[in-house]
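> Test case, fold it:
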Amino acid sequence: MFVALSDATAHCGTKAAHLARLLRAGFAVPAGFVITDPRDPGWERELAAALRALGPGPYAVRSSALGEDGAAASYAGQLHTTLDATGPAEVADAVRRCSESADGDRAAAYAARTGGPAPEPRVLVQLMVAAETAGVIFTRHPVTGADETVIEAVAGPGEGLVSGAVTPERWIVGAGARTGPDADGVLTAGEVAELAGTARRIEDLFGCPQDVEWAVADGRTWILQARPVTTVPGTVPPPAVPAGQPLVTGTPAGPGIASGPARVITGPDDFDRFTPGGVLVCRTTSPVWTPLLARAAAVVTETGGMLAHAAIVAREFGIPAVLAADDAMTLIAHGRPVTVDGTRGTVTAADERTDR
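Okay, here's the model as predicted:
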């Protein structure tokens with residue numbers, strides 16, 4: 001029922017199995033263990049001893065479900081994660097919440113939209129990394145498909161980045177060139193080169209483009225996740241530019257063009273204002289918003305980056321996405337028909353009629 005992370009196999013889920021392979025290859029991965037049958041309450045009797053053997057917390061409790069982190073379906077953010085859990089009681093509660101989330105509405109909506117299998121729970125418990133900087137790397141550009149390494153980073157833990165709550169610093173490395181912030185930011189040029197090299201070695205290990213979560217603490221780069229990039233678009237010419245001046249411009253995060261009435265949603269209490277085929281416009285999304293994304297023609301958010309969970313899910317759902325579009329909720333009226341260009345990062349008016 002308990003398997004040391006270093007011994008994890010495919011039976012422990014792709015996330016844990018990949019981390020075990022990275023450990024054996026010499027990458028720095030936080031120590032941990034996998035609960036392979038979290039629906040059997042017997043694990044609770046052994047948890048305190050397992051945590052003592054692992055070491056003093058705090059702990060990260062994450063899903064490593066069967067069916068998750070696959071080549072076609074990531075379930076990015078759909079299953080419950082708890083960070084900084086302390087002690088057996090908090091960890092036990094986090095394990096139960098993680099396991100139960102596999103049967104929740106958002107996982108069901110994701111599975112229905114992608115046609116993927118329902119996840120079968122496995123729960124991974126690891127020592128937390130006290131991150132000084134953290135982020136995500138894609139070893140292929142997720143919007144253009146170019147052979148470029150895209151790095152997004154934030155100061156401190158990476159939860160705000162992956163959730164889309166903050167807009168990260170972004171670097172793109174490829175073909176002897178590197179682009180990034182004009183001023184000094186979270187990462188130095190040397191750190192960018194090191195991270196890009198690490199991600200490419202991980203790609204070489206697994207033999208396909210990789211989505212890598214990382215954190216830096218005390219000068220060491222820790223790998224928190226490595227999974228296949230689920231959507232790598234072909235490098236084809238972008239579609240024609242929509243007519244008119246953009247209402248807002250942001251980060252292109254999900255390629256393609258789609259139109260529909262804007263649905264400006266402030267939070268879960270507004271969810272009943274959303275109708276299928278609408279363009280979801282919001283401050284940010286979280287996994288709770290998956291049932292709306294599954295019915296949306298496109299999504300526009302005021303914060304986030306192209307490697308956030310919302311962007312990954314939008315690409316897997318095949319809907320255009322524009323993130324980090326400043327003041328989108330103010331500048332786009334609820335009900336106004338708009339056209340979202342997720343390849344270029346623009347939102348334009350489709351016409352002047354409204355549908356409120």
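> what mean pLDDT would you report for stretch 84-101?
Throughout stretch 84-101, pLDDT has a mean value of 97.
> Send me that stretch as CSV with only the CA atoms.
C-alpha atoms of stretch 84-101 as CSV (Å, rounded to 0.1, in the frame of the first residue of the first chain):
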residue,chain,number,x,y,z
ASP,A,84,2.6,22.6,3.5
ALA,A,85,0.7,19.9,5.3
THR,A,86,2.1,19.3,8.8
GLY,A,87,1.6,16.2,10.9
PRO,A,88,-0.3,12.9,10.3
ALA,A,89,-3.8,14.4,10.8
GLU,A,90,-3.3,17.1,8.1
VAL,A,91,-1.7,14.7,5.7
ALA,A,92,-4.4,12.1,6.2
ASP,A,93,-7.1,14.8,5.5
ALA,A,94,-5.2,15.8,2.4
VAL,A,95,-4.9,12.2,1.2
ARG,A,96,-8.6,11.7,1.5
ARG,A,97,-9.4,15.0,-0.4
CYS,A,98,-7.0,14.1,-3.1
SER,A,99,-8.4,10.6,-3.6
GLU,A,100,-12.0,11.9,-3.5
SER,A,101,-11.3,14.6,-6.1
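> list the buried ones in it?
Ala85, Pro88, Glu90, Val91, Ala92, Ala94, Val95, Arg96, Arg97, Cys98, Ser99, Ser101 (16 or more other CB atoms under 10 Å). C-beta here means a position set from N, CA and C on the backbone, and glycine is covered the same way.
> ok, now stretch 298-315?
Applying 16+ other CB under 10 Å to stretch 298-315 flags 298-315 as buried.
> do stretch 132-141 as well
Buried, per 16+ other CB under 10 Å, within stretch 132-141: Thr133, Ala134, Gly135, Val136, Ile137, Phe138, Thr139, Arg140, His141.
> Could you give the separation of it from the chain centroid?
Computed by CA atoms, centre = their mean, to the nearest Å, the chain-centroid distance of stretch 132-141 equals 11 Å.
> ends of that stretch, how far apart?
End-to-end distance for stretch 132-141, by CA to CA, to the nearest Å: 25 Å.
> Please apply the same query to stretch 265-272.
Using CA to CA, the two ends of stretch 265-272 sit 9 Å apart.
> what bridges to Ala153?
Listed beta-bridge partners, Ala153: Gly135, Glu169 (assigned using DSSP bridges).
> can you pull the contacts of it?
By CB atoms under 8 Å, 6 or more residues apart in numbering, the residues touching Ala153 are Thr133, Ala134, Gly135, Leu161, Pro168, Glu169, Arg170, Trp171, Gly185, Val186, Leu187.
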